[in-house]
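Asks: What shape does this take:
(chains A and B)
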Protein chains: 2
Amino acid sequence: MNNNIILHLNRDINTPLYIQLYNELKVLIENESIQKGEKLPSIRSLAKKLDVNNVTIVSAYKLLEQEGYVYSKKGSGTYVKENTEDLHFGYFEDENMELMTNGILSMSEDSINFASVSPTPELFPVEDFKNVLIEALDRDKGNAFVYPEINGYAPLRESISHFLYENYSIDVSSSQIQIISGGQQGIDLIAKTLIQPGDYVLLENPTYSGAVAAFKSRGANIISIPMEEDGINLEELKKNIKTYHPKFLYAMPCYQSPTTYSYSDEKKLEIIDLAYENNLYIIEDDFLSDLSYGDNRLPLKSIDKYDQVIYIKSFSKILMPGLRIGFLTAPKKLLKDIVKAKHTTDITSSGFIQRAFDLYLRKGYWKDHIQKIKLDYSEKYILLLSQIKKLKSHGISFIEPSGGLSLWLKLPKDIDSIELYNECMKNNVIVVPGKIFFIDEKSEYTNYIRLSFGSVTKEQIAKGIDIIDSSILNLKGEKNEDTKYIPLV
Amino acid sequence: MNNNIILHLNRDINTPLYIQLYNELKVLIENESIQKGEKLPSIRSLAKKLDVNNVTIVSAYKLLEQEGYVYSKKGSGTYVKENTEDLHFGYFEDENMELMTNGILSMSEDSINFASVSPTPELFPVEDFKNVLIEALDRDKGNAFVYPEINGYAPLRESISHFLYENYSIDVSSSQIQIISGGQQGIDLIAKTLIQPGDYVLLENPTYSGAVAAFKSRGANIISIPMEEDGINLEELKKNIKTYHPKFLYAMPCYQSPTTYSYSDEKKLEIIDLAYENNLYIIEDDFLSDLSYGDNRLPLKSIDKYDQVIYIKSFSKILMPGLRIGFLTAPKKLLKDIVKAKHTTDITSSGFIQRAFDLYLRKGYWKDHIQKIKLDYSEKYILLLSQIKKLKSHGISFIEPSGGLSLWLKLPKDIDSIELYNECMKNNVIVVPGKIFFIDEKSEYTNYIRLSFGSVTKEQIAKGIDIIDSSILNLKGEKNEDTKYIPLV
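Replies: Residues are numbered from 1 along each chain as shown, chains lettered A, B, ... in the order given. Below is the predicted model:
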């Protein structure tokens, strides 16, 4: 960094010094006063020059790394990225937003979409839901549109309390339930309730970028813990709890996204004890546990004897995304603060939708629906497993999740996931390069692709895998054996 | 403060020092290590003792004051409150939450509710809305429940663009519109987009506590500017812009809540120029401008030639609260960041409700509805004006707002608003003591009550004013002339 560059830190304002430093460095990188590939000053030298603690510099550099401006080389230092568009969550968000919201609008009509975990409209229980909407309106008239309670329409909270006990052996009273407008809002409410700027939070790595964004927006420091085939790495978890005294661990114990891995029962039990011993909350994000194609999987919450788990349930992936309804269960000591956060966020979720959804649960439509989509998805899952054998010859491997809506394919070193993503895209097949789910670029192997079957038809599965197969061959510079050389006559 | 009390500030973590200090002092006050009525150390002495800047102490004390733990006496110092339940927003929120959500549930059946600005169910256009809900379902089927775009269902944004131009002379393209789940979410999204911890924001005083809570939750420093009969005090506004370089001014230019005052045209023009010159955003919260009983009032946004006004429109008070739908218009340079904030908050608002509301606007139901409720409310308004004359003999005065859903009654010094509130409550009449809307207890006169007619019937208006009249007489220890002395025979 040019010695003439002067950094201004203002101790007379309340903005933390590391954020001030981050903002200054960001501007200097953006306007190329600090050039691409350039090394930033060492932590010690900059701390001395600015007369601040080392931790201020570390935090600013860490934030720059999280935001994708710099990367750190072990034992060497921190460098400005050559291509700041690359691999950070900003990049992912835009892509993901396109895919998740407009879905196929951003691709050509005939694309095969292995990127989406959302169900498609023909699986929605539209008629059943229309019935309960009309019934709620005819029964409640204008009252269907008054403000419901902030924590949610009381009869719906009752229904959900029963629903939890029947389906997941979770025993929580209706008073501990907070209705939310989808899973992301649950994450946002928890962030508001628990995070003060500078607090540490733990996340699985790789993980869901929407959670990372919500926590960072509150000024949290993100600590990543590697995911393994049977759940989060416990040694790393313990070490980081001790070092950082984090506020919570955000986790997806059933069919984790993107890895599809589920926690073993042993790990679940140990995590519950760890949470209790260290006064650590666990945010369990459950959006898929209903979709098991083998043994049923019970949420972590079902063994939460110390009331340390905040269980967030989204219905977007297993009912209909456009409903925007879900719930969370709150530990008693957090209940009041979560209600306050909900009030500050959007007062209440739609009372009308809550009344209709309550009827939907009471009439037992839910069970029929889950049976129907489980059947449909398990057929797709089995088909995908059989088709994907074609790719094993390329050295691609994966764990069979026996549930959920995705496969997490580990690529060999000679197939780069971003290159494969681009090559598939050329052929109208959309896959998600695994790198975009990783919080940071530590030592873990990040060369994966995620293949989801929420939005593909059975016909597309077979065709799509063939295209991925030939895309790999193209990347390797090999001809596809099936190519036909037709004489030009 | 006892000299043995030791305060620990940790410079090795990222939590700002003033927040650390605030948290420590809060605990000491709560566990009464620092006693009620006790004086806190002077700013200079504590800054010296802790080896921090004065501004750290000032900020911590200010936060304690905002949260209702301490109060400051001019020229004397900062003192712990005797009754920490009193008069701060925490107190207000709970009360308000009760009233606004369950409404009459928290009072006896026969209460006269002058506290609520929400319409009652019999004014809701339930049949029209049922029609468009069914039409949207029959037309779009499963597509009614897919994720809409994050910024909102495109045809609805088109409808709203027309709606804005026709109704309020606001010229904004559909691409600048963000659909939100009610006005409070608009406030939350802006807070997320613009506020970093320690930033300063300006608010009218008194104001809406839901906005104060959202801004404080992001770590903002709240600066209050007095409201006057023709709008915010411009001298104070200019002075504070210069001192604090605030991020924005949050304002309600039409029928401000709770004062009911509207900004004069001159003040509006000057504020637009001030915003431009100082790169200050104005958040215009408009939830009542449609309810004018005299001349129509145009929003500030209609004269916003520099694209500095963020216009938030809630339909909760003029259509149906339980819909949870509204929109905001974003300056072009903020559009992307607001969409990101929406994504982090709840991905999207319900696509189904958006589709139905789009049809509602396109079919022209809106105009009929507004005409109907304006007629109904203007009758109540006129009735209330005629009844309230009874109170003038007590020295109660107010400005006629000619619109909205409330009157803001200035009480003479000998009638305390909290006492009057309690006295009325005993007689099953609910009024709101004005003090709870004030951000801080500066020199302004805060002895008001707010009387709202959103949820009272015409019969209740006459009866309710009589009860307020006799409650005042009781407070003054005077007999009501109308009391009949019946002989016990």
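
Asks: list the contacts for the residue lying closest to residue A:287 once chain neighbours are set aside?
Replies: Residue nearest to residue A:287 in three dimensions, not counting chain neighbours: residue A:314, with 4.3 Å by C-beta to C-beta, 6 or more residues apart in numbering or on different chains. Every residue, glycine included, has its C-beta placed from N, CA and C. Counting by C-beta atoms under 8 Å, 6 or more residues apart in numbering or on different chains, residue A:314 makes contact with A:182-184, A:186, A:285-287, A:326.

Asks: Listing request: residues of the stretch 1-150 of chain A with sub-threshold pLDDT.
Replies: When residues are selected by pLDDT under 70, those of the stretch 1-150 of chain A lie in A:1-3, A:14, A:83-109.

Asks: Show me what from it comes close to chain B.
Replies: The stretch 1-150 of chain A comes close to chain B at residues A:11-16, A:18-19, A:53, A:55, A:59, A:93, A:97, A:100-103, A:118, A:120-124, A:126, A:129-130, A:133-134, A:137, A:141-150, as judged by C-beta under 8 Å from any C-beta of the partner chain.

Asks: among the residues you listed, which are in helices?
Replies: With helices taken from DSSP state H, the overlap with the residues of the stretch 1-150 of chain A next to chain B comprises A:18-19, A:55, A:59, A:93, A:97, A:126, A:129-130, A:133-134, A:137.

Asks: From chain B, how far off is the closest residue to residue A:156 other than its chain neighbours?
Replies: The shortest distance from residue A:156 to any non-neighbouring residue, by C-beta to C-beta, 6+ apart, is to residue A:358 (3.9 Å). Relative to chain B, residue A:358 is positioned 14 Å away (C-beta to the nearest C-beta, to the nearest Å).

Asks: In contact with residue A:358, which residues?
Replies: Neighbours of residue A:358 in contact, by C-beta under 8 Å, 6+ apart: A:136, A:153, A:155-156, A:159.

Asks: so it is in which element?
Replies: Per DSSP states H and E, residue A:358 falls inside helix A:351-362.

Asks: what about the most centrally placed residue in chain A, distance to residue B:345?
Replies: Residue closest to the average C-alpha location in chain A (C-alpha atoms, centre = their mean): residue A:208, at 1.8 Å. Distance of residue A:208 to residue B:345, given as C-beta to C-beta, to the nearest Å: 15 Å.

Asks: same deal with residue A:212?
Replies: 14 Å.

Asks: residue ranges for the strands of the stretch 51-200 of chain A, please.
Replies: A:70-73, A:77-80, A:112-113, A:177-180, A:200-205 (DSSP state E, counting those that start in this stretch).

Asks: hey, which of those is tucked in deepest?
Replies: strand A:177-180 (a mean of 27; mean count of other C-beta atoms under 10 Å in any protein chain shown).

Asks: From the chain's centroid, how far away is stretch A:430-447?
Replies: With C-alpha atoms, centre = their mean, to the nearest Å as the basis, stretch A:430-447 stands 13 Å off its chain's centre.

Asks: what's the answer for stretch A:112-119, then?
Replies: Remark: stretch A:112-119 is offset 15 Å from the chain centroid, using C-alpha atoms, centre = their mean.

Asks: buried ones in that stretch?
Replies: For stretch A:112-119, burial by neighbour count (16 or more other C-beta atoms under 10 Å in any protein chain shown) applies to A:112-119.

Asks: contacts for it?
Replies: Here stretch A:112-119 has contacts from A:99-100, A:103-104, A:107, A:257, A:288, A:316-318, A:320-321, A:373, A:405-406, A:428-432, A:450-456, A:460, A:463-464, A:467, B:146-147, using C-beta under 8 Å, 6+ apart.

Asks: Which pLDDT value belongs to residue A:482?
Replies: If you check residue A:482, the pLDDT there is 52.

Asks: Now that residue A:269 has come up, it's in contact with residue A:304, right?
Replies: No. Counting by C-beta atoms under 8 Å, residue A:269 does not reach residue A:304; the two are 10.8 Å apart.

Asks: of those two, who's got more company?
Replies: The neighbour comparison of residue A:269 against residue A:304 (other C-beta atoms under 10 Å in any protein chain shown) goes to residue A:304, with 24 against 13.

Asks: Skipping adjacent residues, who's closest to the more buried one in space?
Replies: residue A:272 (6.1 Å).

Asks: That neighbour and residue A:306 touch, don't they?
Replies: Yes. Checked against C-beta under 8 Å, the pair residue A:272 and residue A:306 is within contact range at 6.7 Å.

Asks: Of those two, which one has the most company?
Replies: Comparing residue A:272 with residue A:306 by neighbour count (other C-beta under 10 Å), the higher total belongs to residue A:272, at 19 against 13.

Asks: Chain B contacts on the stretch 301-450 of chain A?
Replies: Going by C-beta under 8 Å from any C-beta, the residues of the stretch 301-450 of chain A near chain B are A:316, A:320-324, A:339-341, A:343-353.

Asks: Return the distance of residue A:362 relative to residue A:346.
Replies: 26 Å.

Asks: Name the residue in those two with the higher neighbour count.
Replies: Ranked by neighbour count (other C-beta under 10 Å), residue A:362 and residue A:346 place residue A:346 first, with 29 against 16.

Asks: Now that we're looking at that one, what pLDDT does it have?
Replies: So, for residue A:346, pLDDT stands at 94.

Asks: Just give the nearest non-adjacent residue to it, would you?
Replies: Nearest to residue A:346 is residue B:185, by C-beta to C-beta, 6+ apart, at 4.1 Å.

Asks: burial count for the one you found?
Replies: With other C-beta under 10 Å as criterion, residue B:185 counts 30.

Asks: Check the one 5 residues further on too.
Replies: Under the neighbour criterion other C-beta under 10 Å, residue B:190 is assigned a count of 29.
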